[in-house]
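**Q** Sequence first, then the predicted structure:
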Amino acid sequence: MSCMENRALREYFNSDPDDDWRYWTSPEYATYFISNQIAYTEDYVRIRNLFISGLSNKISSMELGKHFQQFGEVEDILMKPCGGRALVFFTKAEEACRALQKMYQFIEQIEIKVNPAYSWLQPDTDEACKREPDNATLKSLSNENSPPDDSNILPIALANEPINSIFSINVYCIVAIFRQLKPGAQMRLVRTNKRFLEVFKTYSCFEHKRFNLNQLNEMTLWEIRDLLQYAGKYMVEMRGSLPFKNRTTIMNFIRKCCPKLKKLQITNCGLKLTSFKNFIKSFSHLRTLDFTDGCLEDKHIQACQNVKNLDTLVLDGNVLITGAYIKDIVTIRVLKLYGCIRVETQNLIEISMALENLRTLDIRRIHGLDLSFYSVIDYQCQQLVDLKMTRSAYQYDRVALLPRLEHLEIIYPLPGEEIFVPLKLAIHKAQQLKTLKIYCKRSLTPEHIDSISQLKQLRSLSIAFNFRVINDAALKKLCRLTQLEELIIVRSYDITNDALLKLLKSCPKLSVLNIQFCEKISMEFVLRSIEILKARRVHSKQPLVVYTCYTAIKESDLNECAKYKEAERSGLLKIDTSYSDELEDVYSSIRYPFDGVRINGKFFPYTDNDE
């Protein structure tokens with residue numbers, strides 16, 4: 001049996017192709033095309049070998065051969081010992097093309113599925129890396145146990161290459177070429193020459209440690225396979241979304257080729273339970289696991305128990321999970337369940353009891369939690385530092401009693417709701433709380449602002465969409481927050497330049513200011529703030545970034561203002577007039593998202609009596 005046949009058996013028979021997107025019939029997901037009665041893979045390789053699946057144990061290799069001989073001469077047939085799958089080798093590409101015309105065929109009234117074999121398993125694939133380097137330095141580059149660094153790379157051309165050959169350029173130039181190419185093009189270049197491959201392995205040590213999975217959408221399966229085989233052993237972080245086409249096969253490649261992964265962030269993974277279990281059990285070094293919007297169920301979470309050192313688990317948007325089995329992953333310090341609407345109160349209580357080192361908990365958009373959780377949160381979550389939640393229908397102000405609480409975010413789904421937490425925070429966390437983000441509409445009162453102004457250690461404050469109370473008087477109270485670094489007061493229509501400048505002078509560490517839709521803020525604020533920023537340069541080296549979309553500050557005025565351009569160049573001030581949508585997601589869940597109506601460019605806010 002040939003080497004190629006051995007590889008075919010190993011890679012095909014041990015896979016689960018029927019669970020893969022590669023068999024979609026949509027042209028968008030096609031893995032081959034036909035031209036002049038010859039079928040080609042997506043890598044433009046002529047197809048002579050076919051994958052057959054759906055076979056019954058009753059079908060023998062002789063019967064299978066007899067069926068496919070109607071299309072042409074069959075060179076060989078390899079069948080999986082326990083049945084179900086086979087490989088058919090045709091002598092000519094034209095004959096294999098005829099066999100591919102119908103994906104579903106019948107042998108003795110048994111339906112089988114016919115697909116092309118992978119590009120790298122076709123006999124007409126051009127062999128890559130034909131040249132063998134004879135330089136001792138290049139041989140040292142292939143040592144997988146001790147990946148070389150830049151100091152080990154010498155710009156020496158191969159002795160047997162002509163002086164004007166592209167293959168004789170030095171290593172630094174080859175690395176520069178790789179940096180200009182996308183991963184798919186890198187793989188095509190690597191196949192042309194053995195020396196390029198050796199340099200690429202070294203290049204991958206530092207360039208592909210953190211890999212964006214979105215780049216795979218522009219690559220063929222062969223290119224993805226080669227990339228992971230050459231660079232996967234150096235990858236420690238992956239993030240992004242996997243292609244739908246060939247998804248299961250790609251995840252098998254990741255599982256086999258990337259053993260050192262520590263951080264894995266995959267959105268919309270959509271894997272069946274068996275495939276998920278096989279995938280997740282392969283990463284012993286994994287510390288961060290993020291399957292946002294992954295269509296996961298509780299059984300998927302149970303499989304994560306095999307990851308022994310898991311520190312961060314992000315399950316945002318997985319609406320089917322109830323929270324069961326999370327308590328068994330006792331190493332978790334960061335748990336995010338944003339939008340997991342079916343999480344049950346009892347499961348969350350068990351999680352808070354079992355995860356003794358839990359420091360971050362995100363339970364926003366989980367509306368079904370009852371009093372039994374919030375009544376024990378302060379003594380069951382002793383180590384909790386960061387809490388993000390949605391307002392509960394039950395008494396929840398005990399969150400202010402959490403011993404180590406420093407960061408708190410609360411969403412209030414209905415406008416005009418009563419809010420009690422700021423008062424409790426002022427009593428218990430005045431010298432401890434660093435971040436407070438209250439996402440509500442028309443709910444804050446002057447008393448709330450008084451309480452917030454007592455949080456002396458506050459670094460970040462978000463109280464947007466409360467235009468009735470966020471005015472010049474409120475900003476005067478917030479001047480007491482001398483440690484403030486970020487302030488978000490979007491849609492505070494009544495604040496003026498003078499009040500905002502006083503705040504800027506009182507908060508010397510302020511570096512981010514979001515005042516979108518504050519229509520009274522004008523170029524006067526920009527010009528006068530520059531002098532304040534120059535004076536405070538001693539306290540903070542950070543520039544002040546101000547988001548000013550839908551204010552009276554126009555981009556054309558900024559471009560014509562020499563004083564502002566100089567402040568921007570010197571790193572004092574940066575005005576961003578584009579629209580920042582960082583609040584859109586959280587505020588979109590609050591009913592009646594409009595605070596008023598805009599007519600002919602003028603804004604008319606609703607009053608308390610407006611419907």
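**A** That came in fine, so what should we check first?
**Q** Let me see the domain layout of this protein.
**A** The chain resolves into domains spanning 3-121, 136-207 when parsed by automatic domain parsing.
**Q** mean pLDDT lowest for which of those?
**A** Note on these: domain 136-207 shows the lowest mean pLDDT, a mean of 69.
**Q** For the stretch 51-200 of the chain, just list every one of the strands.
**A** 74-79, 85-90, 104-107, 110-116 (DSSP state E, counting those that start in this stretch).
**Q** Which of those has the highest mean neighbour count?
**A** Most buried of these by mean neighbour count (mean count of other CB atoms under 10 Å) is strand 85-90; its value is a mean of 23. C-beta coordinates here come from the backbone N, C-alpha and C atoms, glycine included.
**Q** Report all helices and strands that it contacts.
**A** helix 3-13, strand 49-53, helix 61-68, strand 74-79, helix 93-100 (3 or more CB pairs under 8 Å, 6 or more residues apart in numbering; DSSP states H and E).
**Q** about what we covered before: same list (the strands of the stretch 51-200 of the chain) but as JSON lines, adding distance to F178.
**A** As requested, the strands of the stretch 51-200 of the chain are arranged in JSON lines below (distance: least, CB to CB, whole Å):
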{"stretch": "strand 74-79", "distance to F178": "37"}
{"stretch": "strand 85-90", "distance to F178": "35"}
{"stretch": "strand 104-107", "distance to F178": "43"}
{"stretch": "strand 110-116", "distance to F178": "30"}
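**Q** L544 contacts I530, doesn't it?
**A** No: L544 is beyond contact range of I530, at 9.5 Å (criterion: CB atoms under 8 Å).
**Q** Now for the two: what residues contact both?
**A** 572-573 (CB atoms under 8 Å, 6 or more residues apart in numbering).
**Q** Where does the prediction get shaky in the stretch 451-600 of the chain?
**A** Within the stretch 451-600 of the chain, the ranges that satisfy pLDDT under 70 run 539, 584-600.
**Q** close enough to count as contact, L478 and D450?
**A** No: L478 is beyond contact range of D450, at 10.4 Å (criterion: CB under 8 Å).
**Q** Which of the two has more residues huddled nearby?
**A** Per other CB atoms under 10 Å, whichever of L478 and D450 has more neighbours is L478, with 22 against 15.
**Q** Distance-wise, check the more buried one relative to G72.
**A** For L478, the distance to G72 equals 81 Å [CB to CB, to the nearest Å].
**Q** Then E111?
**A** Distance of E111 to G72, given as CB to CB: 22 Å.
**Q** Check F178 too.
**A** To G72, F178 is 42 Å away according to CB to CB.
**Q** Not counting its neighbours along the chain, what's nearest A303?
**A** K277 (4.5 Å; CB to CB, 6 or more residues apart in numbering).
**Q** Next, the residues that contact the helix or strand containing the one you found from outside, please.
**A** Assessed by DSSP states H and E, K277 sits inside helix 273-280. Outside of helix 273-280, the residues within contact range by CB under 8 Å, 6+ apart are 16, 19, 248, 251-252, 254-255, 269, 271, 289, 296-297, 299-300, 303-304, 306-307.
**Q** Apply 7 Å and report the result again.
**A** 16, 19, 248, 251, 255, 271, 299-300, 303-304, 306-307 (CB atoms under 7 Å, 6 or more residues apart in numbering).
**Q** Would you reformat those residues as JSON lines and include distance to T435?
**A** Compiled in JSON lines, the contacts of helix 273-280 are given as follows (distance: CB to CB, whole Å):
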{"residue": "D16", "distance to T435": "45"}
{"residue": "D19", "distance to T435": "43"}
{"residue": "T248", "distance to T435": "41"}
{"residue": "M251", "distance to T435": "36"}
{"residue": "R255", "distance to T435": "38"}
{"residue": "L271", "distance to T435": "35"}
{"residue": "K299", "distance to T435": "35"}
{"residue": "H300", "distance to T435": "31"}
{"residue": "A303", "distance to T435": "34"}
{"residue": "C304", "distance to T435": "29"}
{"residue": "N306", "distance to T435": "34"}
{"residue": "V307", "distance to T435": "29"}
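**Q** Now which of those residues would you call buried?
**A** 248, 251, 255, 271, 300, 303-304, 307 (16 or more other CB atoms under 10 Å).
**Q** so where do the helices sit in the stretch 301-450 of the chain?
**A** 345-354, 371-374, 377-380, 421-428, 446-452 (DSSP state H, counting those that start in this stretch).
**Q** Switch those over to TSV; also include distance to L401.
**A** TSV is the format used below for those (distance: least, CB to CB, whole Å):
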stretch	distance to L401
helix 345-354	14
helix 371-374	11
helix 377-380	4
helix 421-428	6
helix 446-452	16
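**Q** Any idea which of those gets closest to T192?
**A** helix 345-354 (53.4 Å; CB to CB).
**Q** buried sites along stretch 283-292?
**A** 283, 286-292.
**Q** quick one: which of these sit in strands?
**A** The members of the buried residues of stretch 283-292 that map onto strands under DSSP state E are 288-290.
**Q** Same list, those residues, but as CSV with distance to L405 please.
**A** Converted to CSV, those look like this (distance: CB to CB, whole Å):
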residue, distance to L405
T288, 23
L289, 25
D290, 24
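**Q** Turn those into TSV, including pLDDT and distance to F211.
**A** Below are these laid out as TSV (pLDDT from 0 to 100; distance: CB to CB, whole Å):
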residue	pLDDT	distance to F211
T288	97	14
L289	96	16
D290	96	14
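**Q** And those, which is closest to Y412?
**A** Of those, the one sitting nearest to Y412 (CB to CB) turns out to be D290, at 27.0 Å.
**Q** Look up which residues are beta-bridged to that closest one.
**A** With DSSP bridges as the criterion, D290 is bridged to Q265, V314.
**Q** List the contacts of it.
**A** Contacts of D290 (CB under 7 Å, 6+ apart): 264-265, 314.
**Q** Show me which of the residues you listed is closest to K563.
**A** Relative to K563, the closest of the contacts of D290 is Q265; by CB to CB it sits at 43.1 Å.
**Q** in terms of contact, does that closest one touch R239 like I think?
**A** Yes: with contacts counted by CB atoms under 7 Å, Q265 reaches R239, the gap being 3.9 Å.
**Q** Overlap in contacts, those two.
**A** Counting by CB under 7 Å, 6+ apart, nothing touches both Q265 and R239.
**Q** Quick one: the strands in the stretch 401-550 of the chain, in order.
**A** Using DSSP E, counting those that start in this stretch, strands in the stretch 401-550 of the chain cover 407-411, 435-439, 460-462, 486-488, 512-514, 544-547.
**Q** hang on, I meant the stretch 201-350 of the chain
**A** Taking DSSP E, counting those that start in this stretch as the test, the strands found in the stretch 201-350 of the chain are 210-212, 237-241, 263-267, 288-290, 312-314, 334-336.
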